[in-house]
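Enquirer: how does the following fold in three dimensions:
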Amino acid sequence: MEPDANPAADLVRQSLVLAVVSRAMLALLVWITLRAVPRLPLYPTQLPDSFFPRHPALDGWARWDSAHYIAVARYGYGDPRSPSPDGGIGFFPLYPELMRWAGKLLGQTDSNAGLAIIGLMISLACFLGATAVFARIAAETLDLDGARIAIALFLVAPFAFYYTTVYTESLFVLEVVSAIWFARRQRWWLAAICAAFASATRLVGVAVIAGVLWSAFRDRVRLARLVALTLVGISGVVIFFGALWVRFDDPMAYFNTQARWGGWDDHVWFYVKLFVIHPREALQGDARHLVIIGNVLLGLLALALVPTIIRRLDPATAMISVLLIVGQFAITWVSLGRYLLPAIGIYLAAGMLLRDANRFTFRVAVTGLSLMSMTGLAMLYALGFWVV
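Expert: Numbering: from 1, shown residues only. Sure thing, here's the model as predicted:
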């Protein structure tokens, strides 16, 4: 048999097949779950989020923050008709704007269900695109076995089901891997444009331009060009905050609205005290505390991989991943599991270490545990349980 002339392309094809098959199986399990188990009642601050009550195959993929993104896509910012607090100002614009533009094209701007479908299609397309780019990066970074491990972990990380929900996860991951892809090829302007999109998707998107700049600096790019790249990379967040200033006379309106959901004291310090002073309450009390415990364990695992990420990965991947890991862990333990998804250095470093371990059983156990965790969390999310 002749060797494969293009192993990277073959790895991309295999990764896309695995991505599609894994999501099809996950969708089937979610459909069965919603057919067999009544969804939970809404939590006190939860917006109504059943957009396809007669179609359980779709309904379980648009919960929680999905309702906020749909509200922004339908009403824009500051509209008193919007159910989202302060008219949706607490959510960055790129993802809901993509939904809005597609909704206008398809005549669905006044339909929550129509916008939810569009959001799902955007997320799915971005997920497949991100999978393809990440597979190429993994192929460049690792040998075949290590790349396959990294790709498998990327696809079945415990919170990776968010890639195919009406959330920003897949869009943001696509922006991250695209910026890294271009930075590796010294195509700095394209990398900076990807960073600009990232900074219009999430506040932590500014970490992406930091990684691009660090890579460019290491490549001895001139200072004037570094400044220009910076301005491009942060343009998304600057335009968003500038628009809030112009329209609402408050450039900090985003932070003011986000404060409704609590700050560091609520999202980190509260749980530090709970776990240290009342560990039994953490384990046997509110079931949502178990989600935070899982988030913290994932965060500690990611922190343990930081030395490997710094030593063995390229500057852009290392800087972006470390900033996302350390920054997110320090700021919030709520939603930490999904916030770690774009730190792709985690999967590459894990692929290296698991490959070096050279124990097939251990690799299968790690991947299998991650897959089971993702499946369970996806079913809980579909039922409306707090796994955000």
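
Enquirer: from here on, contacts and neighbour counts on C-alpha atoms
Expert: Noted.

Enquirer: which stretches of the chain have low pLDDT?
Expert: 1-5, 358 (pLDDT under 70).

Enquirer: quick one: residues contacting the residue nearest the centre of it.
Expert: By CA atoms, centre = their mean, the mean C-alpha position of the chain lies nearest to E169, the distance being 2.9 Å. When contacts are counted by CA atoms under 8 Å, 6 or more residues apart in numbering, E169 touches S123, Y162, Y163, R338, L341, P342.

Enquirer: look up phi and psi at it.
Expert: When read as degrees, to the nearest 10, the backbone of E169 gives phi -50, psi -50.

Enquirer: same check on V206?
Expert: According to degrees, to the nearest 10, V206 has phi -60, psi -20.

Enquirer: I'd say it and A198 touch.
Expert: Yes: V206 lies in contact with A198 (CA atoms under 8 Å); the separation is 7.3 Å.

Enquirer: of the two, who's got more company?
Expert: A198 (30 against 25; other CA atoms under 10 Å).

Enquirer: spatially, what comes nearest to the more buried one if we skip its sequence neighbours?
Expert: G205 (4.6 Å; CA to CA, 6 or more residues apart in numbering).

Enquirer: now do the contacts for that neighbour.
Expert: By CA under 8 Å, 6+ apart, the contact set of G205 is F172, A195, A196, A198, S199.

Enquirer: now it: how far from K104?
Expert: 27 Å (CA to CA, to the nearest Å).

Enquirer: widest-spaced pair of the contacts of G205?
Expert: F172 and A196 (11.1 Å; CA to CA).

Enquirer: looking at the two, which is more packed in?
Expert: Taking neighbours as other CA under 10 Å, F172 and A196 compare with F172 leading, 30 against 27.

Enquirer: wait, that one sits on A343?
Expert: No: assessed by CA under 8 Å, F172 is found out of contact with A343, at 10.5 Å.

Enquirer: contact partners for L283?
Expert: So L283 contacts H289, L290 (CA under 8 Å, 6+ apart).

Enquirer: now it: which helix or strand?
Expert: helix 279-284 (DSSP states H and E).

Enquirer: could you list the buried residues of that helix?
Expert: Using 16 or more other CA atoms under 10 Å as the test for burial, helix 279-284 gives A282.

Enquirer: that helix: how far from the chain's middle?
Expert: Distance of helix 279-284 from its chain centroid, counting by CA atoms, centre = their mean, to the nearest Å, is 29 Å.

Enquirer: after it comes which helix or strand?
Expert: Criterion used, DSSP H and E; the element after helix 279-284 is helix 288-312.

Enquirer: buried sites along the following helix or strand past that following helix?
Expert: Next helix or strand after helix 288-312 toward the C-terminus (DSSP H and E): helix 315-331. For helix 315-331, the neighbour count (16+ other CA under 10 Å) marks 315-326, 328-329 as buried.

Enquirer: and the residues you listed, which is closest to A132?
Expert: T317 (16.4 Å).

Enquirer: surely that closest one is in contact with G211?
Expert: Yes: in this structure T317 lies within contact range of G211 using CA under 8 Å: 6.9 Å.

Enquirer: the inter-axis angle of the strand or helix carrying F275 versus helix 288-312?
Expert: Here F275, judged by DSSP H and E, is contained in helix 270-277. Computed with axes from the mean of the first three to the mean of the last three CA atoms, to 10 degrees, the direction of helix 270-277 lies at 100 degrees from that of helix 288-312.
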